[in-house]
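Undergrad: pasting the sequence and the predicted coordinates here, then a few questions.
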Amino acid sequence: MEQQNSHKTVGYWAAIFASVFSIAYFVAQLFEWMGMLGSHGDLKALVLRWALYYC
């Protein structure tokens, strides 16, 4: 019986950590799309900057 409880505990904490990291990823992705993480938006903006710099 104790082994079953430990499996439930591990599963519970795994779900908690997966949820926290998923929400953190979602929030970071929003910040990236808004240009707040230094990428200045999406891939199109990156390609445009590269094209303007090298051409």
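TA: Done, it's in. A quick note: this is a predicted structure, and the numbers were derived from the prediction, not measured.

Undergrad: quick one: distance of the longest helix seen in the chain to the chain centre.
TA: When the chain is parsed with DSSP state H, its longest helix is helix 2-33. When C-alpha coordinates are averaged (Cα atoms, centre = their mean, to the nearest Å), helix 2-33 and its chain have centres 12 Å apart.

Undergrad: list the buried residues for that helix?
TA: Across helix 2-33, burial judged by 16 or more other Cβ atoms under 10 Å covers no residue at all. Placement of C-beta: from N, CA and C, glycine included.

Undergrad: so where is the chain shaky, pLDDT-wise?
TA: Along the chain, the model assigns pLDDT under 70 to residues 1-3, 39-47, 49-50.

Undergrad: switch the cut-off to 90
TA: 1-7, 29-55 (pLDDT under 90).

Undergrad: spatially central residue for it, please.
TA: In the chain, the C-alpha nearest the mean C-alpha coordinate belongs to residue 25, at 2.1 Å (Cα atoms, centre = their mean).

Undergrad: pull stretch 23-36 out as CSV, backbone CA atoms only.
TA: Taking Å, rounded to 0.1, in the frame of the first residue of the first chain, the C-alpha atoms of stretch 23-36 are listed here in CSV:
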residue,chain,number,x,y,z
ILE,A,23,2.6,28.2,-17.9
ALA,A,24,6.1,29.7,-17.6
TYR,A,25,6.8,28.7,-21.3
PHE,A,26,3.5,30.2,-22.4
VAL,A,27,4.2,33.5,-20.6
ALA,A,28,7.8,33.6,-22.0
GLN,A,29,6.5,33.0,-25.5
LEU,A,30,4.1,35.9,-25.2
PHE,A,31,6.9,38.2,-24.0
GLU,A,32,9.1,37.0,-26.9
TRP,A,33,6.3,37.8,-29.4
MET,A,34,6.0,41.3,-27.9
GLY,A,35,9.7,41.8,-28.4
MET,A,36,10.4,42.1,-24.6
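
Undergrad: off-centre distance for it?
TA: Worked out by Cα atoms, centre = their mean, stretch 23-36 lies 7 Å from the chain centre.
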